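1. With the sequence up front, the predicted model follows.
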Amino acid sequence: MCAVTVPASAGDALGMLASALRMQQVALGFLADMDTPGLPVAALAECLQGLERADAVEAAARGQLLATFDAQDGSVADGQRTARTWLVHSTGVTRGQAAEHQAVQALAEGHRPLLAGLREQAITKSVALQLAKWTRPIPAEYRAEAEEIVVAAARAGADLRALAAICAEIRCRTAQPDPDDENDKHLDRGLSLDTTIDGAGVVRGDLTPECAALVQAVLDALAAPDGAGDLRTHPQRYHDALAEAMRRLLASNLLPQRAGQPVKALVHIGFAELVDMDQDSVLQDKWISEYRARWAAHRAAASVSTGDGGAWLEGDAARAIAYDAMIVPVVTGDLDAGVVEDLIALCVDYHRIRTGAPDPADGPGRADPHDHPGAPDELAELEHQILGKILQVVSGPAGVASFLRRHLLGKGLNGPSLPLDVGRTDDIPIHLRRLVALRDQHCQYPGGCDQPAVGCEPHHVQHLADGGRTSLTNLKDYCYWHHHVVLHQLGWTLAVHPDGTSQITSPAGKIIRSHSPPPGPG
């Protein structure tokens, strides 16, 4: 028996843990850097066996730590609802790996003999997780004793086949009467559908016997070979049968509507595609003529009302004043003739700051741009504002993109445009909800959240009470937990930066960013 020193304080425990982890990393780094082709097979086998034993002990430690972390609601301190989401977004593991970590956590919470078997290296992690599945149906009053039996058998050299036989016999001898509640029979069931980086689907699940029989019958009925020339393998025919079954179900009109609406298709049309469809730019020229007329009317109306002193320019005069400005055409947003005047003012400011020209408000003279160390920041902010104004001018309900779409595309795609900013209203229109979901794809919590947009709801970044508007730019999708619990109940505050990144701050001052922290001075 080796002696174990118990630390006197939490600080000592953390120090010992950090030291142990560093030693482990050094040892594993040594193995990773080793010239393995020069090792004999016996040495390689010993290393691999040793890694499995080390993995068993590591799993036991992780399960114990995770169980305690979860019992103390450690995930909430980082704004995460569960330990699983915390693992994904705070440790960088995949959802599948987080599920495996939580399965090990379950060993610490309800399968202590198996956890002890891991710690003693009597069983490997994969065997412990498999045994937990087999012993879970055993009544709680017999489970611990049953697990001690199977661990002892494993220690004595029993293989997985023998352990399965032991578990099955114990389950049979300790089985309880069938439950009266039919739902209790189906508690151990589940199905998940994930997608790969290429968009392919991956289906995993545990089906009840009844469900498995139904699936088997459907696939067998639709997976028959298509004549002697059908070269598909059996798994390929099963895949095609599943796709055919889904097509027939969708075509049957028997599916319930989602959120009270039938399935909708969002058709993405690139602005460049619309421009290519406009032969000889006839429609663009027509739109420009109409827009110039609207601009002239807006300018005339402004001339008889109080303004901000800005000048309305067009043609050569406008080009001259904005000679050195960076203009980048980007399509999305709303059209507002009033933003043209703002755009010109921004271009004038950009030109003045970039060239070091004096501000008319400062009187005669010329300033040296090097005397203003803040100029790059001002230019960056002006560039952002100019781009935003261009977005408003080019597209929207009356923008050129909408004009081309309505005149070039056929029925179903040439309807009227809808506003992306509806002002101060609590009611978020359905088209804005769809666009927010299309843009965000998932919950936008800065600390990370994998809840899909279908399970989220739009949140006003700047609250209506603080002057916020119901617009596409002021809405972000958040799941129920991060929207109602973290932001509204727990009092975390959200900040969205001009570049689209965001951060959230807890009442205690903890900051979680959607991006890396800004670099320090120097």
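-> In hand now; what should we look at?

2. Could you look up the SS state of the nearest residue to residue 481 once chain neighbours are set aside?
-> Closest residue in space to residue 481, ignoring its immediate chain neighbours: residue 81 at 4.3 Å, by Cβ to Cβ, 6 or more residues apart in numbering. All C-beta spots, glycine's among them, are computed from the backbone N, C-alpha and C. Look at residue 81: counting by DSSP: H, G, I helix; E, B strand; the rest coil, its state is coil.

3. which residues sit in contact with residue 81?
-> 75, 481, 482, 485 (Cβ atoms under 8 Å, 6 or more residues apart in numbering).

4. Count residues in the vicinity of the third one, would you?
-> The reference is to residue 482. Counted with other Cβ atoms under 10 Å, the burial measure for residue 482 works out to 28 neighbours.

5. quick one: contacts for it?
-> Contacts of residue 482 were listed using Cβ under 8 Å, 6+ apart, and they are 79, 81, 443, 445, 449.

6. Okay, buried residues for stretch 53-73 please.
-> Buried residues in stretch 53-73, counted by 16 or more other Cβ atoms under 10 Å: 56, 59, 60, 61, 62, 63, 64, 66, 67, 69, 70.

7. top of the contacts of residue 482 by neighbour count?
-> The most neighbours of any of the contacts of residue 482, using other Cβ under 10 Å, belong to residue 445, which has 30 neighbours.

8. And the closest residue to that residue other than its chain neighbours, how far from residue 448?
-> What sits nearest to residue 445 in space, not counting adjacent residues and going by Cβ to Cβ, 6+ apart, is residue 482, at 4.3 Å. From residue 482 across to residue 448, the span is 10 Å (Cβ to Cβ, to the nearest Å).

9. again with residue 214
-> Using Cβ to Cβ, one obtains 37 Å as the distance from residue 214 to residue 448.

10. Please apply the same query to residue 477.
-> Computed with Cβ to Cβ, the distance linking residue 477 and residue 448 is 14 Å.

11. Between those two, which has more neighbouring residues?
-> Set side by side, residue 477 and residue 448 give different neighbour counts by other Cβ under 10 Å, the larger being at residue 477 (27 against 19).

12. That one in helix, strand or coil?
-> Looking at residue 477 with three-state DSSP, the answer is strand.

13. and it, bridged to which residues?
-> Here residue 477 shows beta-bridge partners residue 458, assigned using DSSP bridges.

14. show me what contacts it?
-> Listed by Cβ under 8 Å, 6+ apart, the contact set of residue 477 reads 436, 437, 440, 442, 443, 444, 453, 456, 457, 458, 459.

15. all helices for the stretch 351-500 of the chain, in order.
-> For the stretch 351-500 of the chain, the helices identified by DSSP state H, counting those that start in this stretch occupy 375-394, 400-408, 430-440, 480, in order along the chain.

16. Make CSV out of the contacts of residue 482 and add pLDDT and distance to residue 503.
-> What follows is those, written out as CSV (pLDDT from 0 to 100; distance: Cβ to Cβ, whole Å):
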residue, pLDDT, distance to residue 503
79, 88, 11
81, 87, 19
443, 87, 15
445, 87, 11
449, 84, 15
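
17. which of these lies closest to residue 493?
-> For the contacts of residue 482, the closest approach to residue 493 (Cβ to Cβ) belongs to residue 79, at 11.5 Å.

18. Give the full set of residues in contact with the closest one.
-> Under the criterion of Cβ under 8 Å, 6+ apart, the neighbours of residue 79 are 445, 447, 482, 486, 490, 492, 504, 506, 512.

19. rewinding a little: rebuild the contacts of residue 477 as a markdown table, extending it with distance to residue 136.
-> As requested, the contacts of residue 477 are arranged in a markdown table below (distance: Cβ to Cβ, whole Å):
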| residue | distance to residue 136 |
| --- | --- |
| 436 | 41 |
| 437 | 38 |
| 440 | 38 |
| 442 | 32 |
| 443 | 31 |
| 444 | 37 |
| 453 | 34 |
| 456 | 33 |
| 457 | 36 |
| 458 | 41 |
| 459 | 39 |
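
20. How much space separates residue 250 from residue 40?
-> In this structure, residue 250 and residue 40 are 60 Å apart, going by Cβ to Cβ.

21. The two - which one has more neighbours?
-> Neighbour tally, residue 250 and residue 40, criterion other Cβ under 10 Å: the higher count belongs to residue 250, 11 against 8.

22. where does residue 228 land in three-state SS?
-> From three-state DSSP, the assignment for residue 228 is coil.

23. Need the pLDDT of it.
-> At residue 228, the model reports a pLDDT of 77.

24. Mind checking the pLDDT average for stretch 102-115?
-> 92.

25. quick one: buried residues of it?
-> Buried residues in stretch 102-115, counted by 16+ other Cβ under 10 Å: 102, 103, 104, 105, 106, 107, 108, 110, 111, 113, 114, 115.

26. which other residues reach that stretch?
-> With Cβ under 8 Å, 6+ apart as the test, stretch 102-115 has contacts from 59-60, 62-64, 66-67, 70, 83-84, 87, 118, 123, 125, 128-129, 131-132, 135, 143-144, 147-148, 151.

27. Check stretch 22-33 too.
-> By Cβ under 8 Å, 6+ apart, the surrounding residues in contact with stretch 22-33 are 47, 51, 54.

28. Tell me the first helix or strand C-terminal of the longest helix anywhere in the chain.
-> The residue-count maximum for a helix in the chain (DSSP state H) belongs to helix 41-71. Past helix 41-71, heading to the C-terminal end, the next element that is a helix or strand (DSSP states H and E) is helix 83-91.

29. now the helix or strand just after that following helix against helix 83-91, angle please.
-> Past helix 83-91, further along toward the C-terminus, the next helix or strand under DSSP H and E is helix 95-110. Angle, helix 95-110 to helix 83-91, by axes from the mean of the first three to the mean of the last three Cα atoms, to 10 degrees: 130 degrees.

30. and the angle from helix 95-110 to helix 41-71?
-> Helix 95-110 runs at 70 degrees relative to helix 41-71, counting by the same axes, to 10 degrees.

31. where does the stretch 401-522 of the chain dip in pLDDT?
-> Across the stretch 401-522 of the chain, the ranges flagged by pLDDT under 70 are 401-426, 499, 515-522.

32. Tell me where it has strands.
-> Per DSSP state E, counting those that start in this stretch, the stretch 401-522 of the chain has strands spanning 456-460, 475-479, 493-496, 502-505, 511-513. These are given in chain order.

33. Columns distance to residue 171 on top of those strands, output as JSON lines?
-> Below are these laid out as JSON lines (distance: least, Cβ to Cβ, whole Å):
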{"stretch": "strand 456-460", "distance to residue 171": "42"}
{"stretch": "strand 475-479", "distance to residue 171": "39"}
{"stretch": "strand 493-496", "distance to residue 171": "51"}
{"stretch": "strand 502-505", "distance to residue 171": "47"}
{"stretch": "strand 511-513", "distance to residue 171": "45"}
